[in-house]
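1. build the 3D model from these lines:
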Amino acid sequence: VLVSKELTAKPWGLHGVYNRKNQKSTQKDDPSMKKWQAPELLMGKPATPSSDVWSFGVFLYEMATLGDAPFAEIPVTELLQFHQRGKNLKKPSNCSNTLYALIKSCCQWKDQDRAPLAEVSRKLVSAERSASDKVIKATGVVHVEQYLQDAGYGETSSYTVF
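-> Alright, predicted model coming up:
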């Protein structure tokens, strides 16, 4: 998700979804999204609603970090082993304990241990009620090429920045 200076959110990175739909390829075939994929997808298993919960947890992490790439320090080729060792996303410095607990509940190794989507939704609604109206902005310019590299794009496929 890219957010403009007018605070308008726009989806970004959906080219893989579009390509999979129109070219009859699978998520497994799209190396550009590995760092958002649940461990079972990295192992070649089919996607489930629980896999989507994992990806949503990674998305929440990106929001909490104001746009840091997930697992930036982990090469795509070592990502599955990283997860197998029980490691997870580190708590962002400006992230509340409540939000980090939600991120962790979404990003559990075993898909059956992940929070159900209905529970995630309830927790978000509850957190929204107690949230402040303060707008938090990233302090610097986003360097798209660096983000793509940190997100694993450069490791597995070529890309074009428009």
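
2. just give me the neighbour total for the residue lying closest to G86 once chain neighbours are set aside.
-> Closest residue to G86 apart from its sequence neighbours, by CB to CB, 6 or more residues apart in numbering: W109 at 6.5 Å. C-beta coordinates here come from the backbone N, C-alpha and C atoms, glycine included. By the other CB atoms under 10 Å criterion, the neighbourhood of W109 contains 16 residues.

3. my guess is W109 contacts E40, does it?
-> No. Shown here, W109 and E40 do not form a contact pair, counting by CB atoms under 8 Å, at 9.4 Å.

4. separation between Q37 and K104?
-> Noted for Q37: a distance of 17 Å to K104, by CB to CB, to the nearest Å.

5. oh, I was asking about K91
-> Distance of K91 to K104, computed by CB to CB: 9 Å.

6. returning to what we had before: more neighbours: which of Q37 and K104?
-> Residue environment comparison for Q37 versus K104 gives the larger neighbour count to Q37, 22 against 16, counting by other CB under 10 Å.

7. check that one and give its pLDDT.
-> Looking at Q37, its pLDDT reads 93.

8. does it touch P46 like I think?
-> No. Counting by CB under 8 Å, Q37 stays clear of P46, with 12.0 Å between them.
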